[in-house]
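Enquirer: mind looking at a prediction? Sequence and model below.
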Amino acid sequence: MGYSKRLSLIMMASSGASNAPSEIGRESLSSLKRASSDVGWEFGVLADPTNLDKLKCKLCGKLVSGGVYRIKQHIAHIKGNVALCPRSSDEDKAKCKAALEEAKNKNRKGSGRKGDVGEELELQQIGKEDEDIEVLTQRTHEVHQSLAEWVYESGIPFDAIDNDSFKRFVEVVGQFGPGYRPPSQYQLRELVFNSSSSIATNSESKDSPSSQSPQLETPINWPPDGKLTLNWVLNLMSVFDWASRDLEPTQLPDVFPVEVCDCLVLCASKILHEEPNCITIDNLTPESTVVVVGDLHGQLHDLLFLLHDAGFPSENRFYVFNGDYVDRGAWGLESFLILLAWKVFMPERVYLLRGNHESKYCTSVYGFEKEVLTKYGDRGKHVYRECLGCFRGLPLASIVGKHVYTAHGGLFRHMSAIPKKSKGKKSRMIACNPETSSLSLGSLEELNKARRSVLDPPWIGFNLIPGDVLWSDPSMTPGLSPNTERGIGLLWGPDCTEKFLKEFQLKLIIRSHEGPDAREKRPGLGGMDEGYTIDHIVESGKLITLFSAPDYPQFQNTEERYKNKGAYIILEPPNFDDPIFHSFEAITPRPKADPFYNFEEVIDSDEELDLASMVISL
């Protein structure tokens, strides 16, 4: 059998084509024969001629998934992947261990390999050859279509599938069979970059912009037609990752010129400004999933891991980011720009909400302003102003499907009608500090009518909803009250969560805003060790706090770090209201970086705000 035909058959097996037997039929798949002298065949036989994955141990009768390789592990008592055979003798174990070691050494040498896996199992065609060829052609087309989708979603150049290494990889996946989960990019990173034979060593000085990794395209240029591609976005991610490790912060313009930064920020701003305050994400299908992400705080490498781990945005994979992209971490600008790139590339699949740190006040205190000025030098003020303008346009909340509300801080108050201004008089601050007894929850209609374009949300006046949405916190105490600890926003109890869910026919609230430092000071609410907490469980549903920055904050003035995990949430059909939590550890070690704010003096939580410095004109 030719290589390409064997490859197609192996790929069919690895894709777990559960409907293959019914489509091809047992008549044309009546038997399988071994085309290999592998020692594993002494101990295993195919349990089902229509399933290339399942083998049966001749000694103990146990079914083993993963082909002849797993049978050898089963016999040799290699722990971790398969059950151990209770009847294998010492001689059997030694024989299989030797065969496994021989195969390992052979793969390391990389010489003389001809697709061993494809030769282990061959389809023996019996009769009806014309019919078999027709079926095989149909199945091959299906395999090619699945492969094309995978290549696209993974950002792999299409010419990569002609590479011999890729073909060997497909064969290995075929051997492991359905259920095998390939390693992530980050699991492979050290293997690849530590191999002097795989990656060329650049001998130029790292002070030179031309010393980029040979796989990267730098400096990055804005596409002539203004349309971003998947490869452009992925290259941006790789360049920022590499630059964070190998370049000084002041060298960022060498790989991402200010003119390109302008184009990206302005293009994203135009899209964001046209979106409503509360985005309705209802273009979901039975194949869709929605990834919800909490605070990121400039932890670039954890963001890159999250995107790889959850899967890149695609036609069927939506993302909702819940704000706080910048401040405290050393790579807030790069993190924010990556998210803007994804937004421009897939505007109806990626949604960026505003956090309280997307403001002039917070960025001037917690490092983002200094970060931008440091990285872009004399053009830094210009880049910073462009980012602030983009912050103004970020939406405040989202409704996913029909039953999930997401926002950075959470709930908000009802506001009385705004009094009309007298003609000819300038705008002025209107003091408005409602009594606690007069507080009540606002509506989604009010949320959409709020004026979100203010850069620093007000804590007094008639436009308090943005400040509430970005700064409020849940409490275990019933009722709605001013958030006196923060000086802005509200505290709301479980009864308010129930009322909000019931009134708007919701089942889930996902908010962020509180990391391990803030939760340490909040009695009655859970800590952020796993990257999320379930704060309220009420009759109509749940309130969840989600935090996606692990080992936070990056710069910490304590002997013992919090060492919290980060997390993201997957929402799946049919109703998208049953959260699946994914916790993850921080990517370590982080590249060496200096803080852009005095973390030893600046408080770790957003308490005791200097509200007088938040100048707002209504």
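Expert: Great, that's in hand. Only a predicted model underlies this, so the values are computations on that prediction, with no experimental measurement involved.
Enquirer: isn't residue 590 up against residue 301?
Expert: Yes: with contact defined as CB atoms under 8 Å, residue 590 reaches residue 301; the gap is 6.3 Å. Placement of C-beta: from N, CA and C, glycine included.
Enquirer: which of the two has more neighbours?
Expert: Under the neighbour definition other CB atoms under 10 Å, residue 590 and residue 301 were set side by side, and residue 301 has more, 21 against 18.
Enquirer: quick check: pLDDT value at that one.
Expert: Residue 301 carries a pLDDT score of 97 in this model.
Enquirer: for residue 548, list the residues it contacts.
Expert: 293-296, 302-303, 306, 512, 531, 566-568 (CB atoms under 8 Å, 6 or more residues apart in numbering).
Enquirer: would you mind giving me the ChimeraX syntax to select the buried ones in the residues you listed?
Expert: Typed into ChimeraX, the line below selects the buried ones among these, using 16 or more other CB atoms under 10 Å:
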select :293,294,295,296,302,303,306,512,531,566,567,568
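Enquirer: show me what contacts the residue nearest to residue 356 when sequence neighbours are not counted?
Expert: Residue nearest to residue 356 in three dimensions, not counting chain neighbours: residue 470, with 4.2 Å by CB to CB, 6 or more residues apart in numbering. Residues in contact with residue 470, defined by CB under 8 Å, 6+ apart, are 323, 354-356, 359, 396, 407-409, 457, 489, 513.
Enquirer: out of those, which comes closest to residue 556?
Expert: residue 513 (18.7 Å; CB to CB).
Enquirer: now do the contacts for the residue nearest to the closest one when sequence neighbours are not counted.
Expert: Spatially, and ignoring its direct neighbours in sequence, residue 513 is nearest to residue 409 (4.9 Å; CB to CB, 6+ apart). When contacts are counted by CB under 8 Å, 6+ apart, residue 409 is found next to 356, 468-473, 489, 511-513.
Enquirer: what about 10 Å?
Expert: 322-323, 354-356, 396-397, 457, 466-474, 483, 486, 488-490, 511-514 (CB atoms under 10 Å, 6 or more residues apart in numbering).
Enquirer: before we move on, what about residue 525?
Expert: Taking CB under 10 Å, 6+ apart, one finds 473-476, 514, 518-519, 533-536, 545 in contact with residue 525.
Enquirer: can you tell me the SS state at it?
Expert: coil (DSSP: H, G, I helix; E, B strand; the rest coil).
Enquirer: if I pick the residue nearest to residue 43 when sequence neighbours are not counted, what's in contact with it?
Expert: Residue nearest to residue 43 in three dimensions, not counting chain neighbours: residue 75, with 5.0 Å by CB to CB, 6+ apart. By CB under 10 Å, 6+ apart, the contact set of residue 75 is 39-40, 42-44, 57-60, 64, 82, 84-85, 87-89, 92-93, 95-97, 99-100.
Enquirer: tell me the phi and psi of residue 75?
Expert: Note on residue 75: backbone dihedrals following degrees, to the nearest 10 are phi -70, psi -40.
Enquirer: returning to what we had before: just checking, which of the contacts of residue 409 belong to strands?
Expert: Counting by DSSP state E, these place 397, 473-474, 490, 511 in strands.
Enquirer: so which of those residues is the closest to residue 248?
Expert: Nearest to residue 248 among the ones in strands among the contacts of residue 409, with distances taken as CB to CB, is residue 511, at 37.0 Å.
Enquirer: measure residue 316 to residue 288 for me?
Expert: 5 Å (CB to CB, to the nearest Å).
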